[in-house]
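[1] heads up, no residue letters with this:
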Ligand code: ADP
């Protein structure tokens with residue numbers, strides 16, 4: 001099913017709510033008016049009964065009906081079509097009435113003392129309400145009452161009926177007025193609501209159109225943020241933020257692809273040149289051996305680059321973290337350093353005074369790869385014979401170890417970029433030791449994959465320190481704090 005546009009949906013909700021409110025309000029008002037008018041009718045019935053009561057003379061010798069001496073406010077004929085009355089004696093025999101035969105007949109059927117209005121309908125369908133009251137002569141408590149005087153009665157039953165014609169037509173008018181008014185208000189709400197909704201959503205539609213118009217070849221283009229600081233502005237900012245992040249990621253990827261091809265092309269070109277040169281004429285065996293040794297060294301370098309690229313692309317694709325395990329870092333570091341296959345192994349100094357409390361959550365094979373990268377760099381970039389310090393400590397729920405050397409260190413600019421793939425400081429590129437520029441980015445990826453991070457700290461000429469922070473396993477207050 002096709003979904004309605006948001007503006008139409010909002011308008012529908014709004015007018016439906018408006019209709020419910022108007023219907024509820026009208027029904028409430030109508031019910032209140034009906035109650036009030038029926039109460040009024042009941043009041044008029046009681047007043048009419050009082051008038052009839054006042055027209056009767058009540059004495060010890062009986063109750064005498066004398067409407068002529070005490071004038072009836074509504075007249076002897078009642079009010080044509082609106083009020084009818086009937087007087088009956090204690091046996092229910094008619095004494096007098098307002099001469100309205102049909103209503104009189106009904107009143108004759110009414111009980112002697114009906115205190116709550118009884119409802120009936122006349123032949124024309126008109127609703128009526130009726131009440132009755134019994135009045136009787138006072139009876140002395142202890143003695144026999146005197147005989148009833150002629151023209152008098154022991155008791156009289158007064159009954160009155162009033163028509164609800166007025167009430168009915170008033171309520172009908174009220175219902176029509178309320179319905180008309182509600183419809184007018186609802187129509188007005190519908191028209192203004194539609195306009196308001198569309199006006200409120202126009203910036204959204206404009207933003208959608210602007211977003212649609214941004215082409216893939218315009219990475220710098222952004223959405224115009226509405227002036228008002230509202231949800232739409234927030235949406236625009238979020239969207240622009242997303243574009244910025246995507247742009248940066250794209251740029252990184254493009255740079256990475258460019259760097260990767262450059263890094264692969266240089267050794268390949270040099271390889272090809274050497275092989276072409278060797279094949280140009282017959283050469284002595286040692287010459288071939290020299291070229292083959294060069295080919296082997298270049299292919300090893302190429303292999304390193306390809307391995308690094310493969311690792312980085314896998315780390316990108318596999319967003320899942322590797323399964324981490326609790327590693328007793330001191331013992332692990334000791335074991336790893338003792339088997340480090342590098343001539344500089346003798347220069348490595350391990351300082352770990354936190355004992356067994358230094359347990360980290362990590363993935364041992366990946367951690368070994370990370371540490372090897374840091375150790376290889378320290379060995380590569382610092383003079384032989386200078387110490388390579390590996391120090392372990394625990395602090396604030398983390399376990400850290402650093403690899404510090406006494407080499408040339410890194411400048412502030414280099415520090416900010418050494419974790420970028422293929423970045424190599426000028427000193428390393430121009431005549432420094434060989435490398436791919438991928439080791440530190442791989443190390444940083446591994447630290448992040450283990451839930452930690454890799455930091456670099458250095459001052460030119462005073463060595464470099466690479467610190468790995470890992471989440472601690474076990475209680476946070478386990479080890480004594482150590483200096484950085
Ligand atoms: P590679 O060592 O293969 O060039 P890395 O990613 O390991 O690549 O390092 C990137 C760059 O960071 C290096 O080229 C070098 O300029 C610098 N670097 C890394 N470790 C050190 C260090 N211990 N001392 C000085 N510079 C370093």
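    That came in fine, so what should we check first? These numbers were taken from a predicted model, which means no experiment stands behind them.
[2] which parts of this protein sit against the ligand?
    Residues of the chain lying close to the ligand (Cβ under 6 Å from any ligand atom) are 373, 377-378, 381, 405, 407-410, 418, 423-425, 428, 435-441, 464. C-betas here are computed from N, CA, C, even on glycine.
[3] Per-residue confidence, whichever residue of the stretch 151-300 of the chain sits closest to the ligand, what does it come out as?
    Taking Cβ to the nearest ligand atom, the ligand has its nearest neighbour within the stretch 151-300 of the chain at residue 263, 10.2 Å off. Looking at residue 263, its pLDDT reads 77.
[4] gap between residue 337 and the ligand?
    If you measure residue 337 against the ligand using Cβ to the nearest ligand atom, to the nearest Å, the figure is 16 Å.
[5] surely that residue meets residue 350?
    Yes: look at residue 337 against residue 350 with Cβ atoms under 8 Å: they come within range, at 5.9 Å.
[6] what do these two both touch?
    residue 390 (Cβ atoms under 8 Å, 6 or more residues apart in numbering).
[7] which helices and strands sit right next to the helix-or-strand element of the chain with minimal mean pLDDT?
    Sorting the helices and strands of the chain by mean pLDDT, DSSP states H and E puts helix 101-109 at the bottom, at a mean of 79. When contacts are defined as 3 or more Cβ pairs under 8 Å, 6 or more residues apart in numbering; DSSP states H and E, helix 101-109 packs onto strand 83-89, strand 94-97, strand 127-136, strand 155-163.
[8] In it, which residues are buried?
    By 16 or more other Cβ atoms under 10 Å, the buried positions in helix 101-109 come out as 103-104, 106-107.
[9] Following element in sequence after that helix, please.
    The first helix or strand that comes after helix 101-109 along the chain, using DSSP states H and E, is strand 118-121.
[10] what about whichever residue of the stretch 1-150 of the chain sits closest to the ligand, how many residues close to it?
    For the stretch 1-150 of the chain, the residue closest to the ligand is residue 6, as judged by Cβ to the nearest ligand atom, at 50.4 Å. Residue 6 has 12 neighbours, counted by other Cβ atoms under 10 Å.
[11] how distant is stretch 133-149 from the center of its chain?
    Taking Cα atoms, centre = their mean, to the nearest Å, one finds stretch 133-149 lying 81 Å from the centre of the chain it belongs to.
[12] Assign a three-state SS to residue 42, would you?
    Here residue 42 is helix, with the state taken from DSSP: H, G, I helix; E, B strand; the rest coil.
[13] Identify the residue nearest it in space, chain neighbours excluded?
    If you skip the residues right next to it in sequence, residue 42 has residue 117 as its closest partner in space, 5.3 Å away by Cβ to Cβ, 6 or more residues apart in numbering.
[14] Stretch 398-416: how far from the chain's middle?
    44 Å.
[15] in it, what counts as buried?
    Those would be 398-410, 414-415, for stretch 398-416 by 16+ other Cβ under 10 Å.
[16] Dihedrals phi and psi, residue 397?
    phi 70, psi 10 (degrees, to the nearest 10).
[17] Tell me the buried residues in stretch 422-440?
    422-425, 427-428, 435-440.
[18] ditto for stretch 143-161
    With burial defined by 16+ other Cβ under 10 Å, the residues of stretch 143-161 counted as buried are 152-153, 155-161.
[19] residues touching residue 410, list them.
    Contacts of residue 410 by Cβ under 8 Å, 6+ apart are 418, 425, 456, 458, 460, 464.
[20] May I ask which of these comes out lowest in pLDDT?
    residue 460 (87).
[21] re earlier: my read: the residue nearest to residue 42 touches residue 46, true?
    No: in this structure residue 117 lies outside contact range of residue 46 using Cβ under 8 Å: 9.5 Å.
[22] which residues are common contacts for the two?
    residue 131.
[23] the more surrounded of these two?
    residue 117 (19 against 14).
[24] Who are the contact partners of the more buried one?
    38, 41-42, 45, 129-131.
[25] For the buried residues of helix 101-109, give me CSV that also has distance to residue 450.
    Formatted as CSV, these follow (distance: Cβ to Cβ, whole Å):
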residue, distance to residue 450
103, 99
104, 103
106, 97
107, 99
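[26] for those residues, which one is nearest residue 362?
    residue 106 (99.3 Å; Cβ to Cβ).
[27] if we can go back for a sec, counting contacts, what elements does the helix or strand hosting the residue of the stretch 151-300 of the chain closest to the ligand pack onto?
    Take DSSP H and E as the rule and residue 263 turns out to sit in helix 231-279. Helix 231-279 sits against helix 165-213, helix 285-317, with contacts defined as 3+ Cβ pairs under 8 Å, 6+ apart.
[28] Tell me the bridge partners for residue 470.
    Note on residue 470: beta-bridge partners by DSSP bridges are residue 399.
[29] partners of residue 395 in the sheet?
    Applying DSSP bridges, one finds that residue 395 bridges with residue 398.
[30] what residues are up against residue 367?
    Contacts of residue 367 (Cβ under 8 Å, 6+ apart): 327, 332, 446, 450.
[31] how about a cut-off of 7 Å?
    327, 450 (Cβ atoms under 7 Å, 6 or more residues apart in numbering).
[32] again with the one 10 residues further on
    Taking Cβ under 7 Å, 6+ apart, we find residue 377 in contact with residue 439.
[33] how about low-confidence regions in the stretch 251-400 of the chain?
    315-322, 354-356 (pLDDT under 70).
[34] at 50 instead, please
    Counting by pLDDT under 50, the stretch 251-400 of the chain contains no low-confidence range.
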